[in-house]
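Asker: With the input below, show me the fold.
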Amino acid sequence: MNDPTVLVVGGGVTGAGTARDLALRGVDVTLVDRAGLGSGTSGRSHGLLHSGARYAESDFEGARECLEENRILREIAGACIRETGGLFVQLAADDPDYFDIKRDRCASIGIPTRVLDGDEAGAIVPELSDDVARAMEVPDAVVYPSRLVAANAADARDHGATIAVGAPVGGMTVTDGRITSVELGGERIEPDYVINAAGAWADRIATMVGLDIEMRLTRGVMISIEYDDLGPVLNRCRPPNDGDIIVPHGSAVVLGTTSVPVADPDDHPIEDWEIERTRRECGAMLPSIVDAPDGRTWWGVRPLYAPDEDGCNGRGISRGFFRLDHAEDDVENFASIVGGKLTTYRKMAQETADLACERLGIDAECTTAERRLPGSDDPAQLDAFVSEFDGQGPTDADVVGSER
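Answerer: Got it, this is the predicted structure:
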């Protein structure tokens, strides 16, 4: 493997997006992942493309970023996205003041909404619970992460990047405050700059150069159930809690999710109560799924960054992202990008690429908000990219490949 100008560690959506951004700026970049692309958190989500409404009352800036990136992805990502719309559903027992606050905050951010009564919501979702007092339409959508990651990687490759899957980082050597070499599967390369986009594994990469990134990891369960009659994403209109999202995926729906602290992203217990609680709570919105046959179940680990918090279940930790310039930690050619959401990956990649270019003295602008992803109009081509990069995750396994 040749020595790149920039090495990006972590082949999730943020790492692939960062490699694409740098390659489009003409930077020699290599993207590596220990497994296939999207094998970590990116490929193990519920697949919701946020409108920002979920965070409107708690994180104004994060919600605004979601709205902006939602609109960009609808323009550039084509068949990586499915237009569905979303409903925030207030049940009779839910606090009506919370609904009103969320609606008002959405208005202040610019998130378009429309309030429906229970009958109007039921006309959109025929099997919606009779317990629905009202609902609020928002521009949520569905994202197919396997396609999105692979399309970003394909565009990076087409512009000169090297994509290496099955290439775990074995260690890094620091000399006089700089990373001078990186071990990849027994081979050593000498990048000029290293970007840590390893998500839930970011702290493990940082420890290789003697740094500590204070991640607060939480696991969450997702359950896929056969159900082909749901149009919009359903969100329970209450403070974020277990079992409050139902996402339509082809002929199935994905139910989510829980939030349980874990210490190790590779070795953590999984509990049956998470499945039972998620199904029961989601069933309060869509009763017919409670007794539906079991489908596929998987867990994802959220790469939350919270240096000032400990001992919580993660619900209160910001879903915003953080760009860490480790020159401030005396490793001058190293940066990490942590936290964030799949919806905001492109902005995360842009800001990280901006930093790398600044440090390397490269004067080139980001173009990823205007350039459509390759294969975006051809689902079969997108799915071929997924196969090429060993990028199939459980989130969209029922969708990817179905249109070949």
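Asker: okay, N313: pLDDT?
Answerer: Listed pLDDT for N313 reads 50.
Asker: Now for L230: which residues touch it?
Answerer: Contact analysis of L230 by C-beta atoms under 8 Å, 6 or more residues apart in numbering lists 125, 246, 248, 253, 286. Where C-beta positions appear, they are placed from N, C-alpha and C, glycine not excepted.
Asker: so is it in a helix, a strand, or just coil?
Answerer: coil (DSSP: H, G, I helix; E, B strand; the rest coil).
Asker: out of the contacts of L230, who has the most neighbours?
Answerer: Counting neighbours by other C-beta atoms under 10 Å, I246 comes out on top of those with 29 neighbours.
Asker: quick one: what helix or strand has it in it?
Answerer: strand 245-249 (DSSP states H and E).
Asker: sorry, back to before: mind putting the contacts of L230 in a markdown table, distance to E370 included?
Answerer: Formatted as a markdown table, the contacts of L230 follow (distance: C-beta to C-beta, whole Å):
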| residue | distance to E370 |
| --- | --- |
| V125 | 35 |
| I246 | 33 |
| P248 | 29 |
| V253 | 34 |
| L286 | 38 |
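Asker: will you turn those into JSON lines that also has distance to V89 and pLDDT?
Answerer: As requested, these are exported to JSON lines (distance: C-beta to C-beta, whole Å; pLDDT from 0 to 100):
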{"residue": "V125", "distance to V89": "9", "pLDDT": "97"}
{"residue": "I246", "distance to V89": "9", "pLDDT": "98"}
{"residue": "P248", "distance to V89": "14", "pLDDT": "96"}
{"residue": "V253", "distance to V89": "14", "pLDDT": "96"}
{"residue": "L286", "distance to V89": "9", "pLDDT": "97"}
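Asker: Now flag whichever of those residues is closest to N152.
Answerer: The closest of the contacts of L230 to N152 turns out to be P248 (C-beta to C-beta; 23.8 Å).
Asker: where does the chain have low pLDDT?
Answerer: In the predicted model of the chain, residues 308-319, 403-404 satisfy pLDDT under 70.
Asker: can you rerun that using 90?
Answerer: 1, 185-186, 228-229, 250-251, 291-295, 306-320, 401-404 (pLDDT under 90).
Asker: Let me see the domain layout of it.
Answerer: 6-42+145-213+318-388, 83-142+216-305 (automatic domain parsing).
Asker: can I get these in a markdown table with distance to S51?
Answerer: Putting the domains of the chain into a markdown table (distance: least, C-beta to C-beta, whole Å) gives the following:
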| stretch | distance to S51 |
| --- | --- |
| domain 6-42+145-213+318-388 | 9 |
| domain 83-142+216-305 | 4 |
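Asker: Looking at those, spot the one closest to E75.
Answerer: Going by C-beta to C-beta, the one of the domains of the chain nearest E75 is domain 6-42+145-213+318-388, 7.5 Å.
Asker: Could you tell me how far R147 is located from R82?
Answerer: Using C-beta to C-beta, to the nearest Å, R147 is found at 10 Å from R82.
Asker: Give me the neighbour count for V174.
Answerer: By other C-beta under 10 Å, 18 other residues sit near V174.
Asker: Now the closest residue to it other than its chain neighbours: phi and psi?
Answerer: Nearest non-adjacent residue to V174, counting by C-beta to C-beta, 6 or more residues apart in numbering: V209, 5.1 Å away. Dihedral pair for V209: phi -110, psi 20, per degrees, to the nearest 10.
Asker: Let me know whether V209 touches M172 as I believe.
Answerer: Yes - with contacts counted by C-beta atoms under 8 Å, V209 reaches M172, the gap being 5.4 Å.
Asker: Quickly list what's touching both of these two.
Answerer: The contact sets of V209 and M172 overlap at I179 (C-beta under 8 Å, 6+ apart).
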